[in-house]
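Colleague: Here is a sequence together with a model predicted from it:
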Amino acid sequence: EVQLQASGGGLVQAGGSLRLSCAASGFTFDDYAIAWFRQVPGKEREGVSCISNSDGRTYYADSAKGRITISSNNAKDTVYLQMNSLKPEDTAVYYCAAERGNCPVYKYADWGQGTQVTVSS
């Protein structure tokens, strides 16, 4: 059974940083792409970034480029999302998702439970 456990969210002031973690289990980590999405109530879910664990290739949404870095520790089956220079508009619930293959992935079968990120102005 695929399981994804997102953690690391919290309350931070604008300009601050957070590192989110997505701990994966139940599948061959290296065969999967793992992505981060975020969602604000009443708005569509937005893709933030994706990493292909087979070769480390990464993809970023335009809103994430320059401030957000995705990385993977294949020994720990964990993907990280380092977010710097946070803005109030980054406030959302952040989810990680996994799908067999490489980024970009257009439909993810498995999702974590989400972690809240709140950026105060």
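Modeller: Good, I have the coordinates. Numbers count the residues shown, from 1 in each chain.

Colleague: okay, now Asn74: neighbour count?
Modeller: 12 (other C-beta atoms under 10 Å). For every residue, glycine as well, the C-beta is placed using N, CA and C.

Colleague: Bridge partners for Ile51, pull those for me.
Modeller: Ile34, Thr58 (DSSP bridges).

Colleague: Ile70 is in contact with that one, correct?
Modeller: Yes. The criterion here is C-beta atoms under 8 Å, and Ile51 meets it with Ile70 at 4.8 Å.

Colleague: what touches both of those two?
Modeller: Thr58, Val79 (C-beta atoms under 8 Å, 6 or more residues apart in numbering).

Colleague: and stretch 97-107, which residues are buried?
Modeller: Under the neighbour-count criterion of 16 or more other C-beta atoms under 10 Å, stretch 97-107 has Ala97, Ala98, Glu99, Asn102, Cys103, Val105 buried.

Colleague: My guess is the second one contacts Phe27. True?
Modeller: What that stands for is Ala98. Yes. Counting by C-beta under 8 Å, Ala98 does reach Phe27; the two are 7.0 Å apart.

Colleague: which of the buried residues of stretch 97-107 lies closest to Pro88?
Modeller: Among those, Ala97 lies closest to Pro88 (C-beta to C-beta), at 24.5 Å.

Colleague: can you tell me the helix or strand for the closest one?
Modeller: Using DSSP states H and E, Ala97 sits in strand 92-100.

Colleague: Sounds good, over and out.
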